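Enquirer: below is the structure, and that's it, no one-letter string:
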Ligand SMILES: *Cc1c(COP(=O)(O)O)cnc(C)c1O
């Protein structure tokens, strides 16, 4: 099988699995317990937190472990909205956020008396600093803009957005789930107040994530119970997953340059190959301000879900828009926001490369794709 769906998830690196194993069996203690085996788990967690803090250039206590990117996004948005509600109830975000941010904000607006502004993006997927500046009001408490988009790979100008928010006394959150493992996560350079991460997008285990919360930013807990994670996220620590998260992040940033060079070479070969051989194919997202691993297209007269099934039968794992929307026939809201027609927004193909992808995988994918598109476009015409 040729796996080209790394934006949906990645395989766990065997070195990460190796690091995790003792924490399932020998060091199985509850990190909150007052005995040696509990303390051992606790110290492994604090070691992991320090490793992650090193990559983020922050203090360890500014990192809260969660079950993944979705929970981190929910915690950030709900946590700020609730804590700041006396000061204001206006939230600002973009039209292309992951549902964990977008739906959380619209739900707060629909049911809890919040107001939201959902900013348009241009045809490359970038937000306009001017539009953001106009949208921020005296009663705005949160600006949430993702670092890099999961469907089109476009990277946003995070430091500039953070500056704009701070000039107006607004808290800035970014969903960095897609960016992690490819772009800098230095929270001082980025200037973010809150940042969401998820380990399974960078060769770590599924079901573990983190929210960076800058010192001084108060947020309300979304999950209550025991006093875990500074009272912000109750629940027994998932020690093996936390240890795996830290190992995966550490490896990703130790190997960042080699990995990115590899991704970029393959991504560029993929983009060039598809645009040269597939009639009616258009690159979506930004031509160069995009994730090194990310190629995405719309293809005229194709239904995305037929193409994905066809490729799957030929042993190629690709994706239409994003994994979360697989199986749905609705056009991608991200592609609609970019200005594509509903027909083209249903004709999307996302190919995301990984550490094990080879040049031969790319060549074979382009060959198979050319045949698939020819067959499917013929069906569409007939
Ligand atoms: C995958 C993803 C999420 C969700 O993360 P999970 O850990 O799967 O809950 C959130 N935001 C973006 C941009 C993603 O790509």
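Expert: Ah, there it is. Keep in mind that what you see is a predicted model, and the values were worked out from it rather than measured.
Enquirer: strands of this protein, residue ranges please.
Expert: Secondary structure of the chain (DSSP state E): strands located at 2-3, 63-66, 90-94, 115-119, 140-144, 171-175, 194-198, 209-213, 281-283, 294-299, 316-317, 348-352.
Enquirer: so can I have a markdown table of those showing mean pLDDT and mean neighbour count?
Expert: No exception for glycine: its C-beta is placed from N, CA and C like everyone else's. Output for the strands of the chain, formatted as a markdown table (pLDDT from 0 to 100; neighbours: other CB atoms under 10 Å):
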| stretch | mean pLDDT | mean neighbour count |
| --- | --- | --- |
| strand 2-3 | 98 | 20 |
| strand 63-66 | 98 | 25 |
| strand 90-94 | 98 | 25 |
| strand 115-119 | 98 | 18 |
| strand 140-144 | 98 | 25 |
| strand 171-175 | 98 | 28 |
| strand 194-198 | 98 | 29 |
| strand 209-213 | 98 | 28 |
| strand 281-283 | 97 | 18 |
| strand 294-299 | 97 | 26 |
| strand 316-317 | 98 | 18 |
| strand 348-352 | 97 | 27 |
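Enquirer: out of the ones you listed, flag the one nearest the ligand.
Expert: Smallest distance to the ligand across the strands of the chain (CB to the nearest ligand atom): 3.3 Å, for strand 194-198.
Enquirer: could you list the paired strands of the closest one along with their orientation?
Expert: Sheet pairing of strand 194-198 (DSSP bridges) gives strand 171-175 (parallel), strand 209-213 (antiparallel).
Enquirer: and those: which comes nearest residue 58?
Expert: Set against residue 58 and scored by CB to CB, the strands paired with strand 194-198 come closest in strand 209-213, at 6.1 Å.
Enquirer: OK, contacts around residue 274?
Expert: 281, 283, 295, 297, 351, 366, 369 (CB atoms under 8 Å, 6 or more residues apart in numbering).
Enquirer: could you redo the last one with a cut-off of 10 Å?
Expert: Residues in contact with residue 274 (CB atoms under 10 Å, 6 or more residues apart in numbering) are 281-283, 295-297, 299, 349, 351, 362, 365-366, 369-370, 373.
Enquirer: from those, which two are the most distant?
Expert: 282 and 362, at 18.9 Å, using CB to CB across these.
Enquirer: take the strands of the chain and write them to JSON lines, including distance to residue 12.
Expert: Output for those, formatted as JSON lines (distance: least, CB to CB, whole Å):
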{"stretch": "strand 2-3", "distance to residue 12": "13"}
{"stretch": "strand 63-66", "distance to residue 12": "17"}
{"stretch": "strand 90-94", "distance to residue 12": "31"}
{"stretch": "strand 115-119", "distance to residue 12": "35"}
{"stretch": "strand 140-144", "distance to residue 12": "29"}
{"stretch": "strand 171-175", "distance to residue 12": "22"}
{"stretch": "strand 194-198", "distance to residue 12": "13"}
{"stretch": "strand 209-213", "distance to residue 12": "14"}
{"stretch": "strand 281-283", "distance to residue 12": "31"}
{"stretch": "strand 294-299", "distance to residue 12": "21"}
{"stretch": "strand 316-317", "distance to residue 12": "17"}
{"stretch": "strand 348-352", "distance to residue 12": "17"}
